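Chemist: Have a look; sequence and predicted model below, questions after that.
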Amino acid sequence: MDYVAVISVEVVYAVASLVLISAGLAIVFGMMKVINLAHGEFMMMGGYATITAVNYGVNIFVAMLIVAPLVVGLIGLVVERLVIRHLYGRLVDTMLATWGLSLLFIGLATMIFGNTTTGISTPIPGFTVGGYQINGYNFFIILVSIVLLVAMYAVLKGTRFGLVARGAMQNPEMAAALGYSPDKIYMATFFAGSALSGLAGAVLAPLVGLVPTSGGAYIAKAFITVIAGGPSLIAGLMSSAGLFGLVNQIFTFAVSPVMGEVALLIAAVILLRLLPQGVTARFLKGKM
Amino acid sequence: MVETVLEAVGLTMRFGGVVASDNVNFKLKARELRCLIGPNGAGKSTFFKCVTGLLTPTSGQVFMRGDEVTGWSPHQVASLGVGIKMQVPSVLDGLSVQENIWLAARRFLSAPEARKKAAEVIERLALGPIARVDLGRLAHGERQRVELGTVVAADPWLILLDEPAAGLSGEDVELMAELVREMTRTSAVVIVEHDMQFIRSIANTVTVFHQGAVLMEDHVDKVMSDPTVRNVYLGKNA
Amino acid sequence: MVILPLKEAVTTVLVAAVLIYTLPMMISTYTLSILLIYAMLGLSLGLIWGFGGILCFGQAAFFGLGAYSYAIAAINIGESTLPMVIAMLVPALFAAVLGVFMFYGRLADVYLGVITLVVTLILFKFINSTAGPSYVIGKARLGGYNGIPGFQTLNVPGQPDNYIWGDPFYYVCAVALVIVFLFVTALLRSSFGRIAVGIRENEQRMSLMGYDVRARKTVLFAIGAGIAGLAGALFANWAEIVTPGLYSLGQSAEIIIWCIVGGLGTRVGPMLGAAGLAYLKFLLGQQSMIDNTLITGLILVLFVLFLPKGVVPAVADLWKLSVRRRPRRKRPNRRIRAERVDG
């Protein structure tokens, strides 16, 4: 019984962290059809922003939930103005340019923070269920992911910005016809997406030792979760994160953590072959 | 007896709840020229795509020279000796006129023979002056003509053309009609077309589509004077 | 039909011979060998991406497979000739299977990128986790993140004790590259190559002409993988160890950067891009002021933004422009002359 509880928590946690990792990329891809391959480095920078802020005496939750998203969001804004803006509509070129940015940020982080592992301890203690140890921080991540999904839903459904953004997603000309400059919408969207990447990196930072190349661990997972999710932002994110999280944990428990990762990737390859437009292009059509 | 080169039996295509093609029966003899007409959404293009293999029909069968080709891919259909031109010009933009036509001929001929064939087609379609120019730099009418060149370069016995006259100027339409007449000397031709003047200038028999099904099939003059046809289609144009 | 005009083949060989002879006067043959190996790797992606339109984010996977296949086969066989062949065949077969999987599912562009990238990552993770003694192929232990050291390196065919290393190894790499280059040139001249370029331009038109696009893309993909595999095997001999790093995303990124910088759609571009950037990295490696990765990334961003065609096509355009202008200058143009004097 305890074992089942532990596994359930692990599965939910795996799904939640996939949602968290992918949210920023999903927003940018869903609204702008831009695949940001520097997404992992945005997360890495979120982590470094948090650790730096904590070292300067900022409360860790403030650092994670406010400082990191702001810092990375601003970096994203600069990137959008300098690079991405010139490449809209050229999917492959944006992928290549952001891949270049990812290397650039790795190099920059190496120069500033050095090539050593840094980290902070989790601010929430673990506890035991029966004979098993559960990391209390996992619940915080699950909570953040749920709040994130609810907030995304609320913004898209309930606010004027969400309405315009959804319009722009369907048809960029429509937003322009309504008197909103697509340029500004894209700018705001990229800021929001980058800020979310920063948040994800910050929240996950206490769980991993941070190095400048940490982003590489996230990008592939985020990338496949978003692509496999398909056109519907929230439904896609939830369904593909749910599927991959489950596969990952089953194989982690049955074989080994590495095989869990490998199984996740293989599942993604097979899924893309069967449903190249993503899960929500076939199922859950028209959901958000 | 003249051979039947194309036959569709009970061809039906559904998209979700929409029946785009409804139990279509169709027969075409060798060297026959047939135009498919009908208002937008009448099912001409769906029928066309099912025949060429771009879509697999929900039910029904397609035969070419007696072989069943239902569900074949376009390249398999084309390999039989069927020339296909889609509605939107589809050419190789980064390559020259000569290379475009050579590639089409090369599918059925050896490389040196293909070179001769390409020269011949270029001559026939009066593409000589632009033979070395990349397709991306050509005007719409010229691109249409090059695409037709890629179709005839393979010496097909059946040619399927989707709106070859769309967007062409009067002079180019005239040229296109001339080309189509020439094609019928060696092959059967099916044309999906809107331009009634163009149809009058080339066709004998037309098949009228309406709501996915065949409404009638007769000589062009008879069809044009038919009240039902005038109602569903020509009424809007005349 | 003559596959390759004799004149062109002779010119290529002559130019190559001069380069092979003169380059060691400027750069050590040890460094040159790796530059040539990278040039071959660049050419392999340049072939499938630049001429076949296949966006592969995982060329490193084939490079790594080639290197590992060589190392494992060399340990088991104890002689290098057959392992060199195996190192080409294994990646080619792997690519053929992957190609069937992808192209018959009509995946294109981004999805192709995702799948090739993910496959590379799978290989990386898998190889990285094979440290235990249970991961053995024949006599070879996979070694996980430590890699495989101590395999039989290149020897004169049939004489396992007669190793090829140092300067002779450089000449082997150079000759191999020339052969691969001539092979690629002949391939692109052949109908197969011209059809491949047609498919790059417009898949639909080519299939309406009756070509089986999926099969042809698969074959081209496998050929590119085979060349990458050969480069991998040579790399294994150069480094005398193979590690999972060969499969890393960073390695894949570099190959793509070589092609972008050198120029897609040319044969020389990806080779020059590879050798040039690798040499730049080598020079930069001797300083510690600016991080290497930063510069690589910056180069990629700048090229995508400002010179997406790459160096070689840009230079070729400039050259064509100047050649085209020449006949007009039969009568000396005073304004141009004046500008020349001023400039």
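Modeler: Here it is on my side, so go on.
Chemist: how close does residue B:56 get to residue A:106?
Modeler: Separation of residue B:56 from residue A:106 (C-beta to C-beta, to the nearest Å): 47 Å. C-betas here are computed from N, CA, C, even on glycine.
Chemist: try residue C:165
Modeler: 34 Å.
Chemist: So between these two, which is more surrounded?
Modeler: residue A:106 (27 against 16; other C-beta atoms under 10 Å in any protein chain shown).
Chemist: and the helix or strand where the more buried one lies, is it in reach of chain C?
Modeler: Element membership of residue A:106 [criterion: DSSP states H and E] is helix A:91-113. Yes - counting by C-beta under 8 Å from any C-beta of the partner chain, chain C is contacted by helix A:91-113 at A:91-93, A:95-97, A:99-108, A:110-111.
Chemist: in the stretch 151-288 of chain A, which segments are predicted with low confidence?
Modeler: A:169, A:172, A:175, A:284-288 (pLDDT under 70).
Chemist: make that the stretch 101-250 of chain C, sorry
Modeler: Using pLDDT under 70, the stretch 101-250 of chain C drops low at C:108.
Chemist: who in it is up against chain A?
Modeler: C:101-102, C:105-107, C:109-111, C:113-115, C:117-119, C:121-122, C:125-126, C:128-129, C:249-250.
Chemist: Just the ones in helices from those, please.
Modeler: C:101-102, C:109-111, C:113-115, C:117-119, C:121-122, C:125-126, C:128, C:249-250 (DSSP state H).
Chemist: that older thread, quick check on the residues of helix A:91-113 next to chain C: which are buried?
Modeler: By neighbour count, with 16 or more other C-beta atoms under 10 Å in any protein chain shown, the residues of helix A:91-113 next to chain C hold A:91, A:93, A:95-97, A:99-108, A:110-111 as buried.
Chemist: Am I right that residue B:12 is in a helix?
Modeler: No - Residue B:12 is assigned strand when assessed by DSSP: H, G, I helix; E, B strand; the rest coil, not a helix.
Chemist: does it have beta-bridge partners, and which?
Modeler: residue B:59 (DSSP bridges).
Chemist: Surely it is in contact with residue B:59?
Modeler: Yes - under the criterion of C-beta atoms under 8 Å, residue B:12 makes contact with residue B:59 at 4.7 Å.
Chemist: what's the domain layout of chain B?
Modeler: Domain segmentation of chain B under automatic domain parsing yields B:1-76+B:158-164+B:189-238, B:82-155.
Chemist: Mean pLDDT and mean neighbour count added to the ones you listed, as TSV?
Modeler: Listed next are the domains of chain B as TSV, based on pLDDT from 0 to 100; neighbours: other C-beta atoms under 10 Å in any protein chain shown:
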stretch	mean pLDDT	mean neighbour count
domain B:1-76+B:158-164+B:189-238	83	18
domain B:82-155	90	20
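Chemist: can you redo these as CSV with distance to residue A:73?
Modeler: Formatted as CSV, the domains of chain B follow (distance: least, C-beta to C-beta, whole Å):
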stretch, distance to residue A:73
domain B:1-76+B:158-164+B:189-238, 42
domain B:82-155, 40
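Chemist: Residue B:171 is nearest to which of these?
Modeler: Ranking the domains of chain B by distance to residue B:171, with C-beta to C-beta as the measure, places domain B:82-155 first at 8.2 Å.
Chemist: OK, now which residue of the stretch 1-150 of chain A is nearest to chain C?
Modeler: Of the residues in the stretch 1-150 of chain A, the one nearest chain C is residue A:107, at a distance of 2.5 Å by C-beta to the nearest C-beta.
Chemist: do you know how far that residue is from residue C:276?
Modeler: In terms of C-beta to C-beta, residue A:107 sits 19 Å off from residue C:276.
Chemist: and if you look at residue A:9?
Modeler: 53 Å.
Chemist: Just the buried residues of the ones in helices among the residues of the stretch 101-250 of chain C next to chain A.
Modeler: Using 16+ other C-beta under 10 Å, the buried ones in these are C:101-102, C:110-111, C:113-115, C:117-119, C:121-122, C:125-126, C:128, C:249.
Chemist: Which two among those residues are spaced furthest apart?
Modeler: Maximum distance among those (C-beta to C-beta): 26.5 Å, for C:110 and C:128.
Chemist: I figured residue B:53 hits residue B:77, correct?
Modeler: Yes - in this structure residue B:53 lies within contact range of residue B:77 using C-beta under 8 Å: 4.5 Å.
Chemist: buried set for the longest helix seen in chain C?
Modeler: Secondary structure of chain C per DSSP H: the longest helix is helix C:213-239. The neighbour-count check on helix C:213-239 (16+ other C-beta under 10 Å) flags C:213-214, C:216-239 as buried.
Chemist: cool, and stretch A:149-156?
Modeler: Those buried within stretch A:149-156 under the rule 16+ other C-beta under 10 Å are A:149, A:152, A:156.
Chemist: which outside residues touch it?
Modeler: Residues from elsewhere that reach stretch A:149-156 (C-beta atoms under 8 Å, 6 or more residues apart in numbering or on different chains): A:19, A:23, A:27, A:161, A:162, A:165, A:166, A:233, A:234, A:237, A:238, A:288.
Chemist: okay, the buried residues of stretch A:149-156 in TSV with distance to residue A:62 and secondary structure next?
Modeler: Shown next, in TSV, are those (distance: C-beta to C-beta, whole Å; DSSP: H, G, I helix; E, B strand; the rest coil):
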residue	distance to residue A:62	secondary structure
A:149	23	helix
A:152	22	helix
A:156	27	helix
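Chemist: tell me which of the residues you listed is nearest to residue C:56?
Modeler: Nearest to residue C:56 among the buried residues of stretch A:149-156, with distances taken as C-beta to C-beta, is residue A:152, at 33.6 Å.
Chemist: ok, so what distance separates the closest one from chain B?
Modeler: Using C-beta to the nearest C-beta, to the nearest Å, residue A:152 is found at 29 Å from chain B.
Chemist: again with residue A:93
Modeler: Counting by C-beta to the nearest C-beta - residue A:93 and chain B are separated by 17 Å.
Chemist: ok, then the element right after the longest helix that chain A contains?
Modeler: Determined from DSSP H, the single longest helix within chain A is helix A:2-32. The helix or strand immediately downstream of helix A:2-32 is helix A:39-55, counting by DSSP H and E.
Chemist: quick one, that following helix and helix A:91-113 angle?
Modeler: 30 degrees (axes from the mean of the first three to the mean of the last three C-alpha atoms, to 10 degrees).
Chemist: Now helix A:39-55: buried residues?
Modeler: A:39-54.
Chemist: How about stretch A:134-151?
Modeler: Those buried within stretch A:134-151 under the rule 16+ other C-beta under 10 Å are A:134, A:135, A:137, A:138, A:139, A:140, A:141, A:142, A:144, A:145, A:148, A:149.
Chemist: How about stretch A:258-277?
Modeler: Buried, per 16+ other C-beta under 10 Å, within stretch A:258-277: A:259-269, A:271-273, A:275-276.
Chemist: can you list contacts of that stretch?
Modeler: Contacts for stretch A:258-277 (C-beta under 8 Å, 6+ apart): A:220-221, A:224, A:227-228, A:230-231, A:240, A:243-244, A:247-253, A:255, A:279, A:281-282, C:101-102, C:105-107, C:111, C:114-115, C:118-119, C:121-122, C:125-126, C:128-129.
Chemist: All set now, cheers.
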